[in-house]
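Participant: What follows is a predicted protein model with its sequence.
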2 protein chains.
Amino acid sequence: MPSNPLEDQFADIMAVLPRISRLGSSLNRGELVQRALESSGVNLDRPSMTVLMSLRMADGPLRIGEIARRMEVAGPHVTRLVHELERRGLAKRVQDPDDKRARLVELTPAGADAAAGYLHGILGWFGEALAGWSADDLSTLGALLSRLIDDLSAHAARTANPADGR
Amino acid sequence: MPSNPLEDQFADIMAVLPRISRLGSSLNRGELVQRALESSGVNLDRPSMTVLMSLRMADGPLRIGEIARRMEVAGPHVTRLVHELERRGLAKRVQDPDDKRARLVELTPAGADAAAGYLHGILGWFGEALAGWSADDLSTLGALLSRLIDDLSAHAARTANPADGR
DNA sequence: TATTGTTATACTCTATAACTATA
DNA sequence: TATAGTTATAGAGTATAACAATA
């Protein structure tokens, strides 16, 4: 009795989808991140730490707009986060020599320390959780996830509403 | 020059982690869900649709607390969502015959239609996006994700702060 | 005329505390 | 004494609109 042909046809997708959604939620607002924040030694909220990590992962200073693009949030949000980070001595803004409208944001030594502590907390926890994984399985998962993200992004671009500027 | 031994050691994890986090965010607040919500035919916000989907995926009516557990949110949040769904004729609450404190929530026909429309939108979009995937690759990804989630949950339980009731 | 960033404001989603009714 | 749900309140996180400065 195939009462739900759509679900039958996409059973594999139906199985994967809620898992990713739930895993993403857990990673974004779970207790793990809370503890990693504490192990950073500074009392930062999550989005502020995400700014620090964006800078940590980048090759050099980033513009406000570039941070917003990498975090996938709106610009004004980053403006306020960076101001607060600057007030606390974790980041600093300098003029972009090539464009006087823009500012470049970079980590201070204290900011780099906080990012390192956070990263240490996250990676240590994951290293323990995934101690039983082979390098092969990890890289297979990484490759499939990358492909998934690429395909979803590409399809999102194809089906984007042209009325949006995005 | 191994300036970041921690990152070197967990390079695989470092590669997977931000991807999942970003993918989760995209799935939870992205444009895709917005369009799927529109294709449901009702004008619902995301968490309300998540309640409908929880009921759709369940075998039968669910208690408020069970919906909250599946959504991984606090109880009062679900109370309000369900009240609004009931007001709009998409769900209804009935007394649990076994426990007069509890209420069972179930979909109305209109609610089932809305959930079906939403699911159709989501699955159709994903089916197109992942048209190039073999069944093998999809099931491998599903299996690795399941294992990942299980291992993360287990380690979270081991490292949970005993002061929390959770 | 378009783009970078800022300021001010408003919205979405979720949590916590205090309470009621039943177990 | 503990549990299911409710009501009221508060918080985190993000978006949108309007603007200034520079390109």
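Facilitator: Perfect, I can see it now. Numbers count the residues shown, from 1 in each chain, chains lettered A, B, ... in the order given.

Participant: how many neighbours does A:E86 have?
Facilitator: 15 (other CB atoms under 10 Å in any protein chain shown). All C-beta spots, glycine's among them, are computed from the backbone N, C-alpha and C.

Participant: anything in the helix or strand it falls within near DNA strand D?
Facilitator: Assigned by DSSP states H and E, A:E86 falls within helix A:75-87. Yes: under the criterion of CB under 7 Å from any atom of the strand, DNA strand D is reached by helix A:75-87 at A:75-77, A:80.

Participant: Any idea how far that helix is from the middle of the chain?
Facilitator: 17 Å (CA atoms, centre = their mean, to the nearest Å).

Participant: Give me the spatial nearest neighbour of A:E72, chain neighbours excluded.
Facilitator: B:S25 (6.4 Å; CB to CB, 6 or more residues apart in numbering or on different chains).

Participant: Contacts only, for the one you found.
Facilitator: A:24, A:28, A:72 (CB atoms under 8 Å, 6 or more residues apart in numbering or on different chains).

Participant: State the helix or strand in which the first one lies.
Facilitator: So that's A:G24. Judged by DSSP H and E, A:G24 forms part of helix A:11-29.

Participant: Whatever helix or strand comes next after that helix versus helix B:11-29: what angle between them?
Facilitator: Next along the chain after helix A:11-29, taking DSSP H and E as the criterion, comes helix A:31-38. Angle of helix A:31-38 versus helix B:11-29, following axes from the mean of the first three to the mean of the last three CA atoms, to 10 degrees, is 120 degrees.

Participant: List the buried residues of helix A:31-38.
Facilitator: Neighbour counts over helix A:31-38 (16 or more other CB atoms under 10 Å in any protein chain shown) mark A:32-33, A:35-37 as buried.

Participant: now do stretch A:69-85
Facilitator: Under 16+ other CB under 10 Å, the buried positions of stretch A:69-85 are A:70-71, A:73, A:78, A:81-82, A:84-85.

Participant: any idea which of the residues you listed is closest to DNA strand D?
Facilitator: A:V73 (3.4 Å; CB to the nearest atom of the strand).

Participant: Confirm that the closest one lies within a strand, as I assumed.
Facilitator: No: assigned with DSSP: H, G, I helix; E, B strand; the rest coil, A:V73 falls outside any strand and is coil.

Participant: So what's the residue count around the residue nearest to it when sequence neighbours are not counted?
Facilitator: Nearest residue to A:V73, sequence neighbours excluded (CB to CB, 6+ apart): A:P47, at 7.6 Å. Using other CB under 10 Å, A:P47 has 14 neighbouring residues.

Participant: Tell me which helix or strand A:P47 sits in.
Facilitator: A:P47 belongs to helix A:46-57, assigned by DSSP H and E.

Participant: what helices or strands is that helix leaning on?
Facilitator: helix A:31-38, helix A:64-71, helix A:75-87, strand A:91-95, strand A:103-107, helix A:109-129 (3 or more CB pairs under 8 Å, 6 or more residues apart in numbering or on different chains; DSSP states H and E).
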